[in-house]
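[1] take a look and give me a structure for this.
(2 chains)
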Amino acid sequence: MRNEKLLIVLAIVLIAVLFTYSNYISEKEIKEISPIISDKQLESRLGEFEKNVVSGGPPKDGIPPIDNPKYVSVQEGDKFLKDSDVVFGIDYKGVQKAFPQKILVWHEIVNDEINGEKISATYCPLTGTAIGYKGNFDGIDTTFGTSGKLVNSNLVMYDRQTDSWWPQMLGIAITGENEGNELEKFPVYWTTWGKWKAKYPNTLVLSKETGFIRNYESDPYGSYDEINTYYQTGGSFFPVMASSDVLPAKEVVVGIKLNNSYLAIPKNIVKERGNVNTSISNKSIVAIYDNELDIVKVFLKENGSIEPINTHYDAMWFAWYAFYPQTELYRG
Amino acid sequence: MKLTFFEIFHKIFERGKFRFVFILTSLIFFFVYFFSLGYISYFPDFNNLTRMEIVDDWTGKIFRERVPFVWEPIATMYVLSFAFFVSIPNLILGILLSTLVGLNFSVSFFSYSLPKICRINPSKTLSITLPSLLTGFACCAPTFIIALGSATAGLTTLFISVRPIFMPISFLILTFSLIWSLNKIRNILQKYQLKL
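    Predicted coordinates:
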C-alpha cells in the first residue's frame, strides 16, 4: 500500500514537472507581438515567425503529401463524394481539377503538373486555408513537403530543392536559402462537389488512390456539415503570435493582401450583400459573392475597369490575425 | 527452494480459466490499441467477406513513421463491415503490448485464488495500460486532444513533447508490474510456506 501511494505521488510530481517544463518552453519560444506594428514590412518579421515555429508532432512528411496524384471522372467521383462535400477547385490554364477536403485533410499538399508546369494545391485544416502555389521560383522547379511543424497553427511546408521553410499562409520562406522569397499564388476555390461539377462537368477529381492508406470517410477534426466541431467552434490547438476576440476565432474571413496592406472581410457579409465595395492600400476594391460556387472573388477597381486579385484566400479569423495583426477588418 | 517465475506461469496456465483471462484481455487490448491508432474503421455500408489490399511500393513504406511509434499501414484487410489497416511494426508492438497486458491480468486474477494476502487488484493493470492508448495521432494533432476539444489547447504542446515517451514507459511499467506481481506472489508463498 505504501509503495502504491509512493508511485501515485511520483506520477503526480512527474506530470507537474513536465507541465512546468512545457510551459517554460512555450514561454521561451512563443512571444506575443504587439498588435500595433510600426514596421509593416512583412519581410522584416521573418525572424519572428521562425522563432515561433513549434512541432506539430509528426516528422518531416509524416503527413505525406500526394506526389503522384491520380484523377478520375465526375462519374467515378460521384461514387465517393456527396454533392455537399467540400472540394477545393482549380481552373488552371484551361484544366479543371477538384481536390476533396476529405482526402486533403490527411495529406495537406498535392504536388502536380499541369501543361508542364509544377503546381501545388495546399490545405491546412487547422487554419481553414486552401491555397495554390506555383512550384517555380527563380527559375527552379520544386515540389513541397510537410515539415511536421506549425507556426500560428498553420502548416509549415518545405521545398525539396533547398529545404527552406514556407508557412502556407505566408507563402514566403522564413528560413534557408530561399529566405525572403515569395511563392506565386493561383486561385483555389473553396466550394462543394455539387456546385463544382455543375459548373465544370468535365472536371477531374482527385481519387482516393493516393498511395497511402487512410480512412477518407473520417475527418479527425469534425465536419463542415456539422456545427459544433473544431471547424466551427473553440480556439486554436496551438499557440499563436497574436490574438483578437473581435470576431469568433473560427469565423471565415476573406483575407486580402495588397502591397504591404492587409484587409479581412467576413465572408458572411459579402454573401449577405452580394458585393462589398471598400479599399485597401488606398486602392478601391470590390468583393463579389459568386452564388454558383459559393465563393468570394476580389477585384481591383482602377481607371474604370476591374482586375481580379488572385492572392486572396479564405481563412479562419484567428489565423489571419495571428499572421497579420496589423490587418484592417471590414465591419460594414 | 525458490519458486521460479516459470513455475508460477506454468501453474497459472494449467488452469483453463486463467488461460481464458489471458487470451480475452490480450485480444481486447489489441483491438483497443489499434482502434486508438485509427487503424480499425467501421463502414456500415460495406459487406465484404474477406479481402486484402496492399499498397504499391509497400517496401518503401513499411518503416515510414507517421509520428513516433506509429508507422504507415501497408495493407488493408476487410472483414465484413470492418477495415483493418495493417502496419507491420505496429502489429509487432501491439502483440508485445497485449501479451504483457494479458500476462498482468492473468497473474492478477490468479492471485485471487491464493490467500488474501497475495491478492493483486486487476484495476491497477487497467490503469497502467492507459499511456499506450494515447499514442494515436491524426494529421496535425494528437487524437486524444482533438477528442477533448480545443478547451485543452494548453495541453497540446505539452502532450506532443511528452508523447514519444508514452510507448517506452508503457513497456517499462507493464514489465515492472508483471515482475513485481510475480515476486510478491513468490515471496508470500515462501514466507508462509504455502503451495501453489
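[2] any weak-confidence spans in chain B?
    B:1, B:47-48, B:117-118, B:135-154, B:195-196 (pLDDT under 70).
[3] dihedrals phi and psi, A:Arg331?
    Note on A:Arg331: its backbone torsions stand at phi -110, psi -10 [degrees, to the nearest 10].
[4] do you know the pLDDT at it?
    On pLDDT, A:Arg331 comes in at 90.
[5] count of residues packed around it?
    Applying other Cβ atoms under 10 Å in any protein chain shown, we find 9 residues neighbouring A:Arg331. Backbone N, C-alpha and C define where each C-beta goes, glycine included.
[6] for A:Tyr158, same thing?
    Other residues close to A:Tyr158 by other Cβ under 10 Å number 22.
[7] hang on, it in a helix?
    No. Judged by DSSP: H, G, I helix; E, B strand; the rest coil, A:Tyr158 forms no part of a helix; its state is strand.
[8] list the contacts of the closest residue in space to A:Asp219 that isn't next to it in sequence.
    Once flanking residues are discounted, A:Asp219 sits nearest to A:Val105: 5.4 Å by Cβ to Cβ, 6 or more residues apart in numbering or on different chains. The contact partners of A:Val105, by Cβ atoms under 8 Å, 6 or more residues apart in numbering or on different chains, come to A:Tyr123, A:Pro125, A:Asp219, A:Pro220, A:Tyr221, B:Cys139.
[9] most neighbours, which of the residues you listed?
    Within the contacts of A:Val105, B:Cys139 tops the neighbour count with 27 neighbours, counted by other Cβ under 10 Å.
[10] thinking again about what came up before, against A:Gly56, how distant is the residue nearest to A:Asp219?
    To A:Gly56, A:Val105 is 14 Å away according to Cβ to Cβ, to the nearest Å.
[11] hmm, back to that, just the ones in strands from the contacts of A:Val105, please.
    Among the contacts of A:Val105, the members falling in strands (DSSP state E) are A:Tyr123.
[12] which two among the contacts of A:Val105 are spaced furthest apart?
    Taking Cβ to Cβ as the measure, these span a maximum distance of 13.8 Å, between A:Tyr123 and A:Pro220.
[13] would you map the helices across the chain?
    Here I'm looking at chain A. Along chain A, the stretches classed as helices by DSSP state H are A:2-29, A:46-51, A:74-77, A:101-104, A:193-199, A:267-273, A:317-323.
[14] look at chain B instead
    Assigned by DSSP H, chain B shows helices spanning B:5-14, B:16-37, B:58-61, B:88-111, B:122-128, B:143-148, B:153-162, B:166-191.
[15] the stretch 201-332 of chain A against chain B: which residues are in contact?
    By Cβ under 8 Å from any Cβ of the partner chain, the part of the stretch 201-332 of chain A that sits against chain B consists of A:211-213, A:215, A:217-218, A:220-221, A:230, A:233-239.
[16] change it to 6 Å
    A:Ile213, A:Asn215, A:Pro220, A:Gly234, A:Gly235, A:Phe237, A:Phe238 (Cβ under 6 Å from any Cβ of the partner chain).
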